[in-house]
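In: I'll drop the sequence and a predicted model, then ask my questions.
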Amino acid sequence: MTGLSRRQAAIRGFGWGAIAGLAFVALMYLANLLLGLRTLPQLLNQPLLSIMPGFVFGFLIDTLQHAGKVVEEFGLIVAMVVGLGVLGAAWAVAGRRWNTQYLALTFAGIGWLVVAAILLPLGGAGFLGLNDGPATPIIWAALFAVYSVVLQLGRDASGDAAVDEGRRRLLGTLPITIGAISLGVLAFRLLPDWYSAIFNPPEAGLRGPAPEITPVENFYVVSKNFSDPVVDAQGWSLAVGGLVDRPLKLSLTDLRALPGINEYVTLECVSNDVGGGLMSTGSFTGVKLADLIDMAGARASGTWVAFTARDGYTESIPVSMVRASQEIIVAYDLDGAPLPVSHGFPARMVIPGLYGMKGPKWLDRIDLVNHESGGYWEQQGWDHNPIVKTTSRIDMPKDGDVIKLGPVSVSGVAFAGTRGIVKVDVSTDGGASWSAVPFRAPLSSWTWVLWTMDWTPPKEGAYRLVVRATDGSGNLQDKNSTPSYPNGASGYHSIHVDISK
C-alpha cells in the first residue's frame with residue numbers, strides 16, 4: 001500500500017483488518033465448539049462486569065433482562081472486530097515504509113502477544129492461557145496466523161505485490177466472500193442461543209396460571225456466564241475447609257450418602273421485575289449446610305461461610321444465619337432428579353428467603369472464614385444481604401387481553417420469602433378499592449402462594465387490575481416502584497384488559 005496516502009492506507013488497512021478480524025472471531029467460536037477454547041467474550045465477561053458501575057448494570061438488567069447478556073456479547077464481538085481493524089490500519093501505515101511480506105505476520109504476532117500476555121491472564125486463563133491447557137497458546141497462534149493471511153491477501157489485492165491483474169480482480173471479491181462466510185459461521189454458532197435467551201427463556205414456556213411446582217424445563221435460569229461450566233461428576237468433589245478442625249473432601253456419592261432433607265423452595269432472582277417471571281418453585285433435596293460445617297469441626301473463629309463455584313462465582317453468609325436457618329442446604333436434586341447443568345450440577349446452594357444471587361451453582365468449595373468475603377454481585381454494588389421483598393403478580397388474564405363480557409377468572413402468585421403470605425388483595429378499578437381474595441396454603445414456609453378470584457365486570461370498557469400482598473409480619477407490600485438495583489424491585493403489579501361483548 002505504498003502508493004496510497006497515509007490516510008488512504010489506514011482506511012484500507014482498517015477495512016482488511018476488520019474483515020480479517022471477522023474471520024478470526026468466527027474461527028474462535030468454531031474452536032470453542034470443536035476444541036473447547038474459551039472465547040475472549042467469555043473470558044472478559046467477568047473483568048468487564050467488575051469495572052462496570054453497579055447502577056449501569058442494574059439499569060441494563062432492568063431494561064433488557066435476558067437480552068442484556070446478548071447485547072454484552074455482541075458488543076464484545078464488535079469491539080474485537082474494531083480492535084483488529086485498528087491493528088490492520090497500523091499494519092497498512094507501517095507498510096508504506098517497510099514493504100515486506102512478513103509485515104502482516106509481525107502485526108499478527110503483536111496481536112497474539114496482547115491476547116496471550118494481557119487478555120488471557122486478565123480473564124483468568126493465566127499467562128499464555130496455559131491454565132486452560134498447553135494447546136491454548138498454539139490455538140490462539142493459529143487464529144492469528146489466519147488473520148495475517150487475510151491481511152496479506154489485502155496487500156496483494158491493493159496492488160503493492162507482484163500479482164497479475166486477473167488474480168487481483170479475484171482478490172478484490174474476497175472481502176465480501178470472507179465476510180459472508182464468517183457471518184454465516186457466527187450466525188450458526190450464536191443466533192440460536194441468542195434467540196432462545198431473548199424470545200424463549202425457560203420461564204416463557206409457561207402458559208396460564210402458574211403451577212404450584214414449576215416444571216424443571218420452565219424453572220428460570222440466570223447466570224453471569226456466556227457459557228456455563230459442565231462439571232464431570234466422576235472427577236468432582238466438594239471441599240469443606242478453612243477454619244475447621246477436620247477438612248472434608250466429598251465426592252458426589254459421599255454427599256448423597258449423608259443424611260439429607262427434601263424441601264419446597266421458591267427462588268427469585270434479584271433482577272426480577274415487578275410482575276416478572278424470574279421466580280420459580282421446586283422441590284430441592286440436599287444436605288443441611290449446618291451439618292456439613294459441624295462434620296468439618298467449625299472453629300469459633302470461623303464466623304462466615306464462604307462459597308466458591310466452578311465458574312469463579314463467590315458468596316458468603318454469616319455462620320449465625322446458617323445455625324438459625326436449618327433450611328439452608330447444599331442441594332444435589334431438583335424435583336427428584338439430579339440438578340440440570342443450568343441449575344448447578346453437581347451441587348448448588350439453596351438459601352430460602354434470600355434472592356438467588358446468594359446461592360452459587362456448580363459449587364466447588366465451602367470455607368469457614370473470619371470475615372465477609374465479597375460476593376460477586378456485591379462487588380458491583382448490590383445489597384450484601386438481599387432479603388426477598390414481598391411481591392405479587394397477576395398471571396391471568398394477560399396484560400392487553402380483550403375479554404368477552406361475563407365471568408372472568410383472575411389468578412396469580414404472591415411471595416414473601418420466609419415471612420409467608422397472610423393476605424392478597426386485588427383491585428379491578430386501578431387501586432381505588434380493594435377486595436381480599438382466597439389463596440391456597442403454601443407447600444412450605446419457603447414457597448409462594450397461588451391466589452385466584454372470580455370477577456364479573458359490570459360493563460364493557462377498559463379496566464386496570466392491580467394486586468398487592470401482606471406478609472406474615474403484617475407488613476403490606478411496598479407500593480413505591482423501584483428498580484431491581486441494588487436490593488430487588490418493588491411496586492404493585494398491574495395489567496390492563498378490555499371487556500367487550
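Out: Everything's here; your move.

In: hey, let's count contacts and neighbours off CA atoms from now on
Out: Noted.

In: Neighbours of Ser481, how many?
Out: Residue neighbour count, defined by other C-alpha atoms under 10 Å, stands at 12 for Ser481.

In: List the contacts of the closest residue to it other than its chain neighbours.
Out: Among residues not flanking Ser481 along the chain, Gly491 sits closest, at 4.2 Å (C-alpha to C-alpha, 6 or more residues apart in numbering). If you count contacts by C-alpha atoms under 8 Å, 6 or more residues apart in numbering, Gly491 has them with 274, 391, 477-482.

In: Now do the helices in this structure.
Out: Ranges of helices within the chain are 6-35, 40-51, 54-64, 67-95, 103-114, 120-122, 136-158, 165-172, 174-199, 252-257, 289-295, 319-324, based on DSSP state H.

In: sorry, back to before: if I look at the residue nearest to Ser481, how far off is Val274?
Out: When distance is defined by C-alpha to C-alpha, to the nearest Å, Gly491 is 6 Å away from Val274.

In: overlap in contacts of those two?
Out: Residues touching both Gly491 and Val274 comprise Thr391, with contact defined as C-alpha under 8 Å, 6+ apart.

In: Can you give the contact residues for stretch 340-351?
Out: Contacts of stretch 340-351 from elsewhere in the structure, counted by C-alpha under 8 Å, 6+ apart, are 221, 228-231, 233, 236, 252, 327-332, 334, 338-339, 358-363.

In: Only whichever of those residues are buried, select them in ChimeraX.
Out: For anyone working in ChimeraX, the buried entries among those, judged by 16 or more other C-alpha atoms under 10 Å, can be selected with:
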select :221,228,229,231,236,252,327,328,329,330,331,332,334,338,339,358,359,360,361,362,363
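
In: Closest one of the contacts of Gly491 to Ala296?
Out: Using C-alpha to C-alpha, the shortest approach to Ala296 within the contacts of Gly491 belongs to Thr391, at 37.9 Å.

In: So what's the residue count around the closest one?
Out: Using other C-alpha under 10 Å, the number of residues around Thr391 comes to 28.

In: residue contacts, it?
Out: With contacts defined as C-alpha under 8 Å, 6+ apart, Thr391 is in contact with 274, 414-416, 468-469, 477, 490-492.

In: Repeat the analysis, applying 6 Å as the threshold.
Out: Neighbour list for Thr391: 414-415 [criterion: C-alpha atoms under 6 Å, 6 or more residues apart in numbering].

In: ok, now Pro386?
Out: For Pro386, the contact set (C-alpha under 6 Å, 6+ apart) comprises 354-355, 487.

In: try 8 Å
Out: Contacts here follow C-alpha under 8 Å, 6+ apart; on that basis Pro386 touches 270, 354-355, 358, 487-488.

In: now swap in Glu327 and tell me
Out: Each residue near Glu327 by C-alpha under 8 Å, 6+ apart is listed here: 263, 288, 351-352.

In: same deal with Asp425?
Out: 434-437, 467-469.

In: Skipping adjacent residues, who's closest to it in space?
Out: The shortest distance from Asp425 to any residue other than its chain neighbours is 4.3 Å, reached at Ala436 (C-alpha to C-alpha, 6+ apart).

In: same question, Lys358
Out: Lys358's closest residue in space is Glu315 (C-alpha to C-alpha, 6+ apart), at 6.2 Å.

In: Test my guess that the one you found contacts Gln379.
Out: No: with contact defined as C-alpha atoms under 8 Å, Glu315 does not count as touching Gln379 (10.4 Å).

In: Between these two, tell me which one has more neighbours.
Out: Set side by side, Glu315 and Gln379 show more neighbours around Glu315, with 22 against 15, by other C-alpha under 10 Å.

In: show me what contacts that one?
Out: Counting by C-alpha under 8 Å, 6+ apart, the residues that Glu315 touches are 306-308, 358-360, 373-376.

In: try 7 Å
Out: If you count contacts by C-alpha atoms under 7 Å, 6 or more residues apart in numbering, Glu315 has them with 306-308, 358, 373-376.

In: how about the residues you listed in TSV, adding distance to Met321?
Out: TSV is the format used below for the contacts of Glu315 (distance: C-alpha to C-alpha, whole Å):
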residue	distance to Met321
Ala306	13
Phe307	14
Thr308	18
Lys358	13
Ser373	15
Gly374	17
Gly375	16
Tyr376	19
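
In: Show the buried residues in those residues.
Out: Neighbour counting with 16+ other C-alpha under 10 Å marks 306-308, 358, 373, 375-376 as buried within the contacts of Glu315.

In: Can I get those residues in TSV including distance to Ala142 and pLDDT?
Out: What follows is the buried ones among the contacts of Glu315, written out as TSV (distance: C-alpha to C-alpha, whole Å; pLDDT from 0 to 100):
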residue	distance to Ala142	pLDDT
Ala306	40	97
Phe307	38	97
Thr308	34	96
Lys358	41	96
Ser373	40	84
Gly375	37	82
Tyr376	34	80
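
In: just to revisit the earlier point, can you tell me which of the contacts of Glu315 is closest to Leu22?
Out: Ranking these by separation from Leu22, with C-alpha to C-alpha as the measure, puts Tyr376 on top at 32.0 Å.

In: looking at the sheet around the closest residue to that closest one other than its chain neighbours, what are its partners?
Out: Spatially, and ignoring its direct neighbours in sequence, Tyr376 is nearest to Thr314 (5.5 Å; C-alpha to C-alpha, 6+ apart). Going by DSSP bridges, Thr314 is paired in beta bridges with Thr308.

In: My guess is Thr314 contacts Gly375. True?
Out: Yes: applying C-alpha atoms under 7 Å as the test, Thr314 and Gly375 come out as touching, 5.2 Å apart.

In: Where does pLDDT dip in the stretch 51-200 of the chain?
Out: Scanning the stretch 51-200 of the chain for pLDDT under 70 picks out the ranges 156-172.

In: Please disregard the earlier target; I meant the stretch 201-350 of the chain.
Out: For the stretch 201-350 of the chain, no stretch has pLDDT under 70.

In: go again using 90 as the cut-off
Out: 201, 203-208, 223-228, 312 (pLDDT under 90).
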